[in-house]
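Asker: Pasted the sequence and its predicted model underneath.
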Amino acid sequence: MNDARKDTQEQADFRQYCRDWLNANAPEPPQVRLPQTPLEIMTTEQMDYLRPWQKAAHEAGLVGADYPEDCGGGGRNDCQRIANQEMHAHGTPFFPNVIGLGMAAPTVFHHGSEELKRELLPGLLSGEDIWCQGFSEPGAGSDLASVQTFAERDGDNWVINGHKVWTSLAHFAEWMILLLRTDKSDKYNGLTYFVVPIRSALGNGVTVRPLIKITGETGFNEVIFEHLVVHDRYRLDDVGKGWQVAMTTLLHERGAGTLVTPTAGGMRNTKGESTSRAAMASALIALATKAHRNGKLASEDPVIRDKLMSLFIRQEGLRQSQRRAQVQALTDHPMRIPLQGKLLMTEIQQESAALALEIEGMASSLYLADENAPESGKWPLSYMNSFGMTIAAGTSEVQRNILGERVLGLAKSK
Amino acid sequence: MNDARKDTQEQADFRQYCRDWLNANAPEPPQVRLPQTPLEIMTTEQMDYLRPWQKAAHEAGLVGADYPEDCGGGGRNDCQRIANQEMHAHGTPFFPNVIGLGMAAPTVFHHGSEELKRELLPGLLSGEDIWCQGFSEPGAGSDLASVQTFAERDGDNWVINGHKVWTSLAHFAEWMILLLRTDKSDKYNGLTYFVVPIRSALGNGVTVRPLIKITGETGFNEVIFEHLVVHDRYRLDDVGKGWQVAMTTLLHERGAGTLVTPTAGGMRNTKGESTSRAAMASALIALATKAHRNGKLASEDPVIRDKLMSLFIRQEGLRQSQRRAQVQALTDHPMRIPLQGKLLMTEIQQESAALALEIEGMASSLYLADENAPESGKWPLSYMNSFGMTIAAGTSEVQRNILGERVLGLAKSK
Amino acid sequence: MSQPNNFGFGEEEQMLADAAARYFAEQLPVDQLHKLVADNPDPHRDKHSPWAEAQWREMVELGWTQLAVPEDAGGLGMPAVGVAGLMEQAGRAAFPGPLLSTLCSTYVLAHCNGEGAVAAFEAIIEGHAITLAMTDQYGSWNAADTDVSYADGSLNGTACFVQDANRSDSFIVSARGPNGIGLYWVSKGAAGVAIACDAIVDLTRDQARVSFSDVSAVELSAQGTGQEVLDSARPALLMLLAADMVGAAEWQLQTTVEYAGTREQFGHSLGFFQAVKHPLVDLMIMIDHAKSLVYNAACALDTEPENALQFALMAQSAACDAAAYGCSRSVQYHGGIGFTWECYVHLYFKRQKHSEMWLGDGAYQREQLAQLLIEDRSIA
Amino acid sequence: MSQPNNFGFGEEEQMLADAAARYFAEQLPVDQLHKLVADNPDPHRDKHSPWAEAQWREMVELGWTQLAVPEDAGGLGMPAVGVAGLMEQAGRAAFPGPLLSTLCSTYVLAHCNGEGAVAAFEAIIEGHAITLAMTDQYGSWNAADTDVSYADGSLNGTACFVQDANRSDSFIVSARGPNGIGLYWVSKGAAGVAIACDAIVDLTRDQARVSFSDVSAVELSAQGTGQEVLDSARPALLMLLAADMVGAAEWQLQTTVEYAGTREQFGHSLGFFQAVKHPLVDLMIMIDHAKSLVYNAACALDTEPENALQFALMAQSAACDAAAYGCSRSVQYHGGIGFTWECYVHLYFKRQKHSEMWLGDGAYQREQLAQLLIEDRSIA
């Protein structure tokens, strides 16, 4: 699809600028092995490769293009998605500050004081400050409103005690967005939203401990707060409005927010391999034309072919739906398609990985450290990681509730 | 499976007797076209063929074998299933009084007065009295406890007003089992259970109107009560205990009751065609080896083969599970397998019919009256009728609730 | 790819879709449709099925039946995406008339270069309904499989599963001659043509076996060129049928959602229960995929015909999946009432099961797609 | 058919199953298992995987490892249904040791008529673990595909995906000679044998490539007879693996049901929600089917061997389906905690994905079954 066809003049100029800049400045492939997503960055070597890339892209105006200039943005109109398209097409690496860009930035932008925006957003957009998210707790997963980590008022300060889990990137993060309870008597109106400098408080009220994933990799953490003191100026919006602020965060996480998130690259960073989700099924077809299954190529097995094509069609269906969602006349509810995005992307990815294991057959038993593993053991890893995606940020079950209730108007299930 | 292997002496003798009797007395195939199930009997010609068969089988002791002799039974011990096995093996027609035998009889037996049992059961078992069931109402389907048809006490009588629906066989029935509200203030304890002679009251408090099914056939009805007077002696169990009595009915309907229901034959009555559910997938295989699909036989299409075998395996799995349920040591919960029966039989039947349409391809557009329709249009008819089965007697959704709650012990959903 | 972002769906297309939606809502609401086509439930009723002849005449007046006729043949030359929008509304109304057949025929004619094609276009413009008579006795989905033969200027044999046979004025017949498949135009009233109605499940459709006995025919596409014409027209046929199915599936979803919102059981509306809510969400997603893929396929017909086939196969596969699931769930969640003849749900159930099979079911489309994408490796 | 109603599951089989259940619960509860096999989460850890060697020794003492050795070869000659009961418990405990391999080898040996078979049985009785080395580099599920060749009394080549290679004492090798496939017995310590561990996902299994370089071997089954032996043994192999998988799936179900009963969200336990409850019911049903079909297949091995293959294919297909669904649902419904290494659920997830592939996945079994049932039309 020629995305350029409907560009405004500003967009067209910016598109050309991005192309030129990327041709000259896109980074070389890394020496280190990068993870499949930025949420799984584990080593400082990986970070040392990725941070300068975000910094350079930000300086060039490809990150934060639509944010105001005094917040470190480019002050442009609807140009971030132009930059994204060009970076995807170019196959650049992804940005390391993924939670900052996708969730913290729009939340701070919509709910923070002017002063706070000018203080926090430049470092966020440049990647100098990595951000993480403190929403989930051991007792509050899908049921986010039942968070218990408590902030008690103490003059101009708040004193925080409690326990957050599944916090990706916490071991690199300078800042955290944090949903806290400030009133135990009111489930929804007893929440308040903060931004908290955690790195400077490590060992002094904040402890970050790595959790190990089902894959054997680290990549997310638990964060424990013991009497952490935070100034009231780091509160977003009013006391008791935390739930509403969190909705802004989640809306952007689900790709249904008002600000386009700067994104670059995709599953893989090497230039040869395709970088977009749309290529997932193509990657499976390529796998199937190499893998042996029952004495012939997997791609010649009609049952595998049927499943492959089903997935391919669903993936293309999602892509075309997202295209259709841009044309107001072609959908009857503005959120109908955007709210499907997270659910479908993660489930298609999960089914793709499961099918890859079927295609590989017995070779799917081989893992990352095995020299004979097809595609370096990528697919069993992907399949396991896919459950992180169908669980985190609203399980698939919760996503279906949201769609049924908000789009179809069915009665609330909970 | 040689069912005889573990017979008691009484069962072994009875089995031999049944075989001999059936060889001499099983009815000739009918001149009229019979429906797929007894619930769909529509014409008096069909009834005139089926009633004498039930009467003869009852007189010979093959119906009601385990009921006491003073109730018209055979007074035997665990012999009904022997008779059933032999009748299935023989491929006899089914019995017309299916609701009487499967639901009314055990309910009357467990909850009726001695007098009532002796009055009602002989005519029920012989098929002289056809029975129907008055549970569902326009506003009470899955949520059976919300029935509104009301019985008001009037001395020794009750006066009934209301509206029942989906009452199969009501147009032939002499008697009806009837769940009624006797107290509007208590949902569960406000129900009372009656047996009511409806045929004699037609036009005099009872109106039976045929409903037409999605298939275009009739076969079930709505029954309207206007000031019908019924004597208190037709009440089963105490006033307010209707819900408990209804559970006895439903347990037997789901094949999980204490009394074995007399059953003969299966889907079809002609001797040539197989009579057991186990033959459903075989019938599909036979269809697939005749039907053309995309220039070759459907049975050569690997995707069709895969689906066929999946169904075949599920069907055999169900059969073997029912066999396993007979051995106490091999299941950990006595209701785990019996409660699956209705759900699985109806869903397998639905999926089989859907697959048959895929196998037939464009020929599945042809219906009963088309001379070129494969197997006389049986499969589109079956597919449509299958929804009656996944809806009636506890929808598949309700069945899954029951299994999750009673067997897995999960929290009640409703 | 070089498709416009909006699928080429501009003002004119928008107006047409809106007009069609209004038209069907006013002129053929579902209660009226039910009265028209479902008046007699007896499966053994007369095989001739009633249809919306008056509305068809009005559509002719409105110009909808000639939308796809190219401008240089005197028609309106509407982009395919606009025709898709109309067809979607017709499917949503379960329209019982030869609109789909005539539009399909139009796209076949567009690839014919015989003189007859010009005359056939003229007939369509005049308001004739034309249908395809191409299917063999086995219902083969390969349009070149035909049981009709052509020799010495005349046709012999039988075409089966002919849609709208009684509602159309003429047939486009695929026939095999000594030099291969050719396409021929035959008037319904021509000598030697005999129509035997099928007794079908679908109440909104009309289907028949059409026999030809020494019927003289007008050549649309010469012997040996018919296969290529049909191959070229296939993306449009699949796209049109898929559009019809998407519209019908939307009706199923909307109607079931409305019922689930009002029907109460266990103290809640049905839609409260996840066992109902989540499948309805899944149905919505399937419909959205199918609809987006239909627009994409239609747009490809207009702007990148080299990709039209793969996109049309995707659209039809998705439409079949949505139809199958929509049928099953709409009846199930309407419960007892959904199992009765008086509930309108069965009209769509039957139409969709028919549509699922007409040009090949989902698995068939996927195998065709696999041949394109895996063997040819021509992934976009 | 002539199977007993109770699958031949008598008192002795019941006692064995009970004893095994008790043994695993006491000697290798899941926390201890996790400590043993999942101590080091690093995917790049040493490829040698720890296993329950002590418990294996105890099983040898208990006689479990020779259960399937025929009585006339000095073994216990337990009916297959009893062996299935044991294997089910081992699967439920995710037992990390060569029990499955040794039992599979036993059933292969039972069809070998070479002298070596007698000696191999003796070794098993003495407590040796034996495994099958039969798979080619592509992981072919056709046991006659082998990359090992036999000539002049010695073996050359590599067997891949050999289970329990490091935990076993010897291998049964399938090798191709000039006259066809033969089976050979090779000690792990024999000259010319080299074992290269695979780095696998499953933490409870051990897998390796075993290379043979001019290795002299004992003949178990002469050249040209190996295929028949393997065909005869296949029903038993499938049945044993399926039993293992059914046991593991039961663990997944039970553990997930327990979690769903305690974990609260939105004011209810997870199991309250139909989006969790109904899939768990479906999983239970899949497990019940698989389990019943396993017993049926085992019983057929004992009483009607002519039907054993079709029943074993059904059992394995059902077990694969239950395993795939159980893996996916057990992790999903454990939520965030299920995605961590510390939650035991991953042990079973990985074991089941491994088992699903070892002898062919569900679709493969179904195609094999179709060849039996459709082509041969030998429906029971």
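Answerer: Now that the structure is in, tell me what you want to look at.
Asker: Could you use CA atoms for every contact and neighbour count after this?
Answerer: Fine.
Asker: Phi, psi for C:Asp42 please.
Answerer: phi -60, psi 120 (degrees, to the nearest 10).
Asker: Contact partners for it?
Answerer: Neighbour list for C:Asp42: B:Gly216, B:Glu217 [criterion: C-alpha atoms under 8 Å, 6 or more residues apart in numbering or on different chains].
Asker: okay, it: pLDDT?
Answerer: pLDDT recorded at C:Asp42 is 93.
Asker: Quick one: distance of the strand or helix carrying A:Ala354 to the chain centre.
Answerer: Assessed by DSSP states H and E, A:Ala354 sits inside helix A:341-360. Taking C-alpha atoms, centre = their mean, to the nearest Å, one finds helix A:341-360 lying 17 Å from the centre of the chain it belongs to.
Asker: and it with chain D, contact?
Answerer: Yes. For helix A:341-360, a contact with chain D is found by C-alpha under 8 Å from any C-alpha of the partner chain, at A:Glu358.
Asker: so does that helix get close to chain C?
Answerer: No. Helix A:341-360 stays clear of chain C (C-alpha under 8 Å from any C-alpha), getting no nearer than 8.9 Å.
Asker: ditto for stretch A:295-304
Answerer: Yes. For stretch A:295-304, a contact with chain C is found by C-alpha under 8 Å from any C-alpha, at A:Ser299, A:Pro302.
Asker: Could you list the low-pLDDT ranges of chain A?
Answerer: Filtered on pLDDT under 70, chain A yields the residue ranges A:1-5, A:256, A:265-280, A:414.
Asker: same question, chain C
Answerer: Within chain C, the stretches with pLDDT under 70 are C:1-2, C:376-380.
Asker: Show me where chain C has its helices.
Answerer: Here chain C has its helices, by DSSP state H, at C:11-27, C:30-37, C:53-62, C:80-92, C:99-109, C:115-126, C:226-262, C:274-303, C:308-338, C:345-358, C:362-370.
Asker: nearest to D:Arg57, of these?
Answerer: Comparing these by their distance to D:Arg57 (C-alpha to C-alpha), the top pick is helix C:274-303, with 49.4 Å.
Asker: And the closest one, what does it pack against?
Answerer: Other helices and strands packing on helix C:274-303, by 3 or more C-alpha pairs under 8 Å, 6 or more residues apart in numbering or on different chains; DSSP states H and E, are helix A:302-324, helix A:396-402, helix C:80-92, helix C:226-262, helix C:308-338, helix D:274-303.
Asker: Near chain D, which residues of chain C are found?
Answerer: Residues of chain C lying close to chain D (C-alpha under 8 Å from any C-alpha) are C:Phe273, C:Gln274, C:Ala275, C:His278.
Asker: thought the first one was touching D:Val276?
Answerer: Spelled out, that is C:Phe273. No. With contact defined as C-alpha atoms under 8 Å, C:Phe273 does not reach D:Val276; the gap is 11.9 Å.
Asker: With A:Ser282 as the reference, measure out to the closest residue to A:Ser321 other than its chain neighbours.
Answerer: Leaving aside its sequence neighbours, A:Ser321 sits nearest to C:Ser292 (C-alpha to C-alpha, 6 or more residues apart in numbering or on different chains; 5.1 Å). The gap separating C:Ser292 from A:Ser282 is 20 Å, by C-alpha to C-alpha, to the nearest Å.
Asker: Between the two, which has more neighbouring residues?
Answerer: C:Ser292 (28 against 19; other C-alpha atoms under 10 Å in any protein chain shown).
Asker: What residues does the residue of the stretch 301-414 of chain A found nearest chain B make contact with?
Answerer: Residue nearest to chain B within the stretch 301-414 of chain A (C-alpha to the nearest C-alpha): A:Val303, separated by 5.6 Å. Contact analysis of A:Val303 by C-alpha under 8 Å, 6+ apart lists B:Pro302, B:Val303, B:Asp306, D:Ala363.
Asker: and if you look at A:Arg33?
Answerer: A:Gln46.
Asker: Could you verify that it is part of a strand?
Answerer: No. Assignment of A:Arg33 by DSSP: H, G, I helix; E, B strand; the rest coil gives coil, placing it outside any strand.
Asker: Tell me the residue of the stretch 101-250 of chain C that sits nearest chain B?
Answerer: Closest to chain B within the stretch 101-250 of chain C is C:Ile200: 4.4 Å, counting by C-alpha to the nearest C-alpha.
Asker: How many residues are close by that residue?
Answerer: The tally of other residues near C:Ile200 (other C-alpha under 10 Å) stands at 27.
Asker: From the opening residue of stretch C:333-350 to its closing one, how far?
Answerer: From its first residue to its last, stretch C:333-350 covers 16 Å (C-alpha to C-alpha).
Asker: How is chain C partitioned into domains?
Answerer: Under the assignment automatic domain parsing, the domains of chain C span C:5-126, C:130-223, C:227-379.
Asker: May I see those domains arranged in a markdown table, with distance to B:Gln9 as well?
Answerer: What follows is the domains of chain C, written out as a markdown table (distance: least, C-alpha to C-alpha, whole Å):
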| stretch | distance to B:Gln9 |
| --- | --- |
| domain C:5-126 | 51 |
| domain C:130-223 | 53 |
| domain C:227-379 | 46 |
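Asker: And the ones you listed: which comes nearest B:Asn204?
Answerer: Of all the domains of chain C, domain C:227-379 sits nearest to B:Asn204, with 27.0 Å by C-alpha to C-alpha.
Asker: Output the helices and strands packed on helix C:274-303 as a markdown table; include the columns distance to D:Phe311.
Answerer: Below are those laid out as a markdown table (distance: least, C-alpha to C-alpha, whole Å):
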| stretch | distance to D:Phe311 |
| --- | --- |
| helix A:302-324 | 22 |
| helix A:396-402 | 36 |
| helix C:80-92 | 46 |
| helix C:226-262 | 40 |
| helix C:308-338 | 32 |
| helix D:274-303 | 5 |
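Asker: Out of the ones you listed, which is closest to B:Gly141?
Answerer: Distance to B:Gly141, taken as C-alpha to C-alpha, is lowest for helix C:308-338 among the helices and strands packed on helix C:274-303, at 7.4 Å.
Asker: The closest one versus helix B:341-360: what angle between them?
Answerer: Orientation note: helix C:308-338 sits at an angle of 140 degrees relative to helix B:341-360 (axes from the mean of the first three to the mean of the last three C-alpha atoms, to 10 degrees).
Asker: Show me what helix C:308-338 is packed against.
Answerer: Packing partners of helix C:308-338 (3+ C-alpha pairs under 8 Å, 6+ apart): helix A:302-324, helix B:378-391, helix C:226-262, helix C:274-303, helix C:345-358, helix C:362-370.
Asker: Now do the contacts for the closest residue to chain D within the stretch 301-414 of chain A.
Answerer: Of all residues in the stretch 301-414 of chain A, the one sitting closest to chain D is A:Leu366 (4.4 Å; C-alpha to the nearest C-alpha). Taking C-alpha under 8 Å, 6+ apart as the criterion, A:Leu366 is in contact with A:Asn372, A:Ala373, A:Pro374, A:Gly377, D:Asp198, D:Ala199, D:Ile200, D:Val201.
Asker: Pull out the buried residues from the residues you listed.
Answerer: A:Ala373, A:Pro374, A:Gly377, D:Asp198, D:Ala199, D:Ile200, D:Val201 (16 or more other C-alpha atoms under 10 Å in any protein chain shown).
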